[in-house]
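Asks: pasting the structure only:
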């Protein structure tokens, strides 16, 4: 079972991992938007500020020409220049309303300088990595003070509120599984029970195993990623069927039965396989079968059956 929402954290920039109030350690919880990692960006920040200053100077240099030749657009550029703050994100350039204005502004390199600044600002934002949702850190591969390199994996972050379980079923159940169906889940010790729902069903059949994969969502505060659960999906009812250990069914789909105190083999039709059990059809009522595998069993072997009150008796 894995968390449905999980992200692997990678760095797109290089620098020193700066200390913060919250230690970057496995098990640490973060709220959505909270800073996970801060990489030292002081050197790069200076480059961004220099580019913003150059843009401001370029716009200031064309203001006299705008006042003389573009009196109708001068006010909006004057307003833009007045609102320009080097300590804030660069605002969008005023919308150009004529080709003449566009040619003039573009020809002075204002537009290219603006997009260069926006590109630098975008990269600057990558020095701080924020939590995409409220969750918990499950893996931390760096420590404070270490050098972070571009493309380096830093850790893993999950949302512990919803988990997802993947199960494989026989292709014969493909048309019967529906999204939204309730599924009963238990732990391997059969001591805890959970309720899940089918969230997705794969549209293709595995060519090797001839199974189809279904995905089950489960919510429970006591669950942890990596736990093993068993799922019971009510796909369909099988009448006149029995369930036996998988080890009692041969590769040729035959089972040992008892006839007149002698072992014999009978073909059977398996309709469902679990990890340890198999459901069979076409086994006549009253047939005496082996309950456990007998070492060295063969057709014609003399046995003494022990009959129970079940409709299909066991040895």
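Replies: Looks like it came in fine. Keep in mind that what you see is a predicted model, and the values were worked out from it rather than measured. Numbers count the residues shown, from 1 in each chain.

Asks: any idea how far residue 61 is from residue 40?
Replies: Between residue 61 and residue 40 the distance, using C-beta to C-beta, to the nearest Å, works out to 34 Å. C-beta: built from backbone N, CA, C; applies to glycine.

Asks: which of the two has more neighbours?
Replies: residue 40 (16 against 11; other C-beta atoms under 10 Å).

Asks: Could you pull up phi and psi at that one?
Replies: phi -60, psi 120 (degrees, to the nearest 10).

Asks: Could you tell me which residues make contact with it?
Replies: Neighbour list for residue 40: 15-18, 127 [criterion: C-beta atoms under 8 Å, 6 or more residues apart in numbering].

Asks: ok, now residue 131?
Replies: Residue 131 neighbours (C-beta under 8 Å, 6+ apart): 30-36, 157.

Asks: Disregarding residues adjacent in the polypeptide, which is nearest to it?
Replies: Leaving aside its chain neighbours, residue 131 sits nearest to residue 30 (4.1 Å; criterion: C-beta to C-beta, 6 or more residues apart in numbering).

Asks: Quote the end-to-end distance of stretch 155-171.
Replies: This stretch, stretch 155-171, spans 37 Å end to end (C-alpha to C-alpha, to the nearest Å).

Asks: Sort out which residues of that stretch are buried, please.
Replies: 155-160, 163-165, 167, 169-170 (16 or more other C-beta atoms under 10 Å).

Asks: for stretch 241-250, same thing?
Replies: For stretch 241-250, a neighbour-count test (16+ other C-beta under 10 Å) marks 241-242, 244, 248-249 as buried.

Asks: quick one: which of the buried residues of stretch 155-171 sit in strands?
Replies: If you go by DSSP state E, the buried residues of stretch 155-171 have 155-158, 163-165, 167, 169-170 in strands.

Asks: Which two of these have the greatest separation?
Replies: Farthest pair in these (C-beta to C-beta) is 155 and 170. Separation: 38.6 Å.

Asks: Kindly reformat the ones in strands among the buried residues of stretch 155-171 as TSV containing pLDDT and distance to residue 261.
Replies: Formatted as TSV, those follow (pLDDT from 0 to 100; distance: C-beta to C-beta, whole Å):
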residue	pLDDT	distance to residue 261
155	96	66
156	97	62
157	97	65
158	96	60
163	94	53
164	94	52
165	92	47
167	87	42
169	80	40
170	77	36
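
Asks: Going by distance to residue 264, which of these wins?
Replies: For these, the residue nearest residue 264 by C-beta to C-beta is residue 170; the value is 27.9 Å.

Asks: right, and the closest one touches residue 274 too?
Replies: No - if you go by C-beta atoms under 8 Å, residue 170 and residue 274 don't touch, sitting 10.4 Å apart.

Asks: quick one: common contacting residues for the two?
Replies: Contacts common to residue 170 and residue 274, judged by C-beta under 8 Å, 6+ apart, are absent.
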